[in-house]
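> Sequence and predicted model, in that order:
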Amino acid sequence: MSQNPTGQNLPPNLLLYSDYRVFLREYYETHKAADPNFSFRYLSLRAGINSSAFYKYIIEGKRNLTKATLLKTCLALKLKDKDAEYFENLVFFNQAKTIKEKNLYFDRLTKLRGNYDMRKVHADQYAYYGDWHHSAVRELIECLRFKGDYESLAKRLTPAISAKQAEESLALLARLGMAKKDAQGRWRQSDPVITTGGQVDAKVVIEFQKKMLRLALDAYDRTQASERLMSSTTFGISEETLDLFKKKIRDLKAELMELARLDQKPNRAYQLNLNMFPLSKGGEA
């Protein structure tokens, strides 16, 4: 539950959610905390639905929203324009029965969200890239629902690090505002996605990328073939096509980042490296 500077509870921000049931639960909890008289019955009445337990069953996954009750819900929650469109597509995405349907609504959600919660890593946060395991720890705290077992956290990394390194890494993430404890004592990411914002010329980021490439080489010996995806292709292309390649790769990376954000059951941290570099000198054909 977020708060404004005066300490008052704010309603949850829909665009931060990848599960509409979680959004509805936190919406209800936020309003209930602000007004003890707020109830599921009241929410149903506001939506024009003749069932006092309707939204309780929705949140618990015992019922689904239909097109009709979805529209009524948008009115009850006072969702308009982009928020209403996002909520509708999120409902259809969560309730989709086939991969084709999932992909359709995923694409719509991606376009609606844009770079909404993509946080840029500023120069004073470059310590994050000082060691490869900081990014892995940041992902694992979500996968493990981490509450403080640093020994277990350290052993889950591959290659493993020490419990002290894991504790220091999380302390760094907290100091940089990239991780924080919730009310239940669980460590969470402060933002779903972070990026350098295209500042890849920074020396520390380049060194980080080199370390990840070395880990990629080691992965041939550390992991089973089924656990990794390694591929390489050589192209003969023009400068114009190279620019197009770069755009396509950036678009793919953005799509994969959104897929990861929408994953409700992450259980492992992965590293993806995409590399393209010249094998010959340029010049006239």
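All right, it came through fine. Numbering: from 1, shown residues only.
> Now do the contacts for Arg25.
Taking CB atoms under 8 Å, 6 or more residues apart in numbering as the contact definition, Arg25 lies against Ile59. Glycine gets a C-beta too; all of them are placed from N, C-alpha and C.
> now it: how far from Ser169?
Counting by CB to CB, to the nearest Å, the gap between Arg25 and Ser169 amounts to 31 Å.
> now swap in Ser238 and tell me
Ser238 is 44 Å from Ser169, where distance means CB to CB.
> Same check on Lys155?
Counting by CB to CB, the gap from Lys155 to Ser169 is 14 Å.
> Below-threshold pLDDT in the stretch 51-200 of the chain: ranges please.
Applying pLDDT under 70 to the stretch 51-200 of the chain picks out residues 114-126, 191-200.
> for it, what spans make up the strands?
Taking DSSP state E, counting those that start in this stretch as the criterion, the stretch 51-200 of the chain contains strands spanning 118-120, 179-181, 187-189, 193-195.
> re the thing from before, which residue of Ser238 and Ser169 possesses the greater neighbour count?
Ser169 (27 against 10; other CB atoms under 10 Å).
> Identify the residue nearest that one in space, chain neighbours excluded?
Residue nearest to Ser169 in three dimensions, not counting chain neighbours: Val137, with 4.4 Å by CB to CB, 6 or more residues apart in numbering.
> and if you look at Tyr220?
Nearest non-adjacent residue to Tyr220, counting by CB to CB, 6+ apart: Met230, 7.3 Å away.
> Need the per-residue pLDDT for that neighbour.
According to the model's per-residue confidence, Met230 sits at a pLDDT of 89.
> ok, now which ones touch it?
216, 219-220.
> List just the nearest of these to Glu151.
Closest approach to Glu151 among these (CB to CB): Ala219, at 23.8 Å.
> so that closest one makes contact with Leu213?
No - taking CB atoms under 8 Å as the definition, Ala219 is not a contact partner of Leu213, at 10.4 Å.
> who touches both of these two?
Once CB under 8 Å, 6+ apart is applied, it turns out that Ala219 and Leu213 contact no residue in common.
> was I right about the residue nearest to Ser169 contacting Ala171?
No - judged on CB under 8 Å, Val137 makes no contact with Ala171 at a distance of 10.3 Å.
> State the helix or strand in which the residue nearest to Tyr220 lies.
No secondary structure element spans Met230, as it lies outside all helices and strands (assigned by DSSP states H and E).
> State the distance from it to Leu274.
Applying CB to CB, one obtains 12 Å for the distance of Met230 from Leu274.
> Next one: the closest residue to Tyr86 other than its chain neighbours from Leu90, what distance?
Leaving aside its sequence neighbours, Tyr86 sits nearest to Leu112 (CB to CB, 6+ apart; 4.8 Å). Taking CB to CB as the measure, Leu112 and Leu90 are separated by 9 Å.
> go on, Asp149?
33 Å.
> Can you list the residue ranges for helices in the stretch 101-250 of the chain?
Residue ranges of the helices in the stretch 101-250 of the chain, as given by DSSP state H, counting those that start in this stretch, are 133-143, 150-156, 163-175, 203-222, 239-262.
> okay, the ones you listed, which one's buried deepest?
Highest mean neighbour count among the helices of the stretch 101-250 of the chain (mean count of other CB atoms under 10 Å): helix 133-143, with a mean of 21.
> got a list of contacts for that one?
Here helix 133-143 makes contact (CB under 8 Å, 6+ apart) with 128-129, 146, 153, 156-157, 161, 165-166, 169-170, 172-173, 178-179, 187-189, 266-269, 271.
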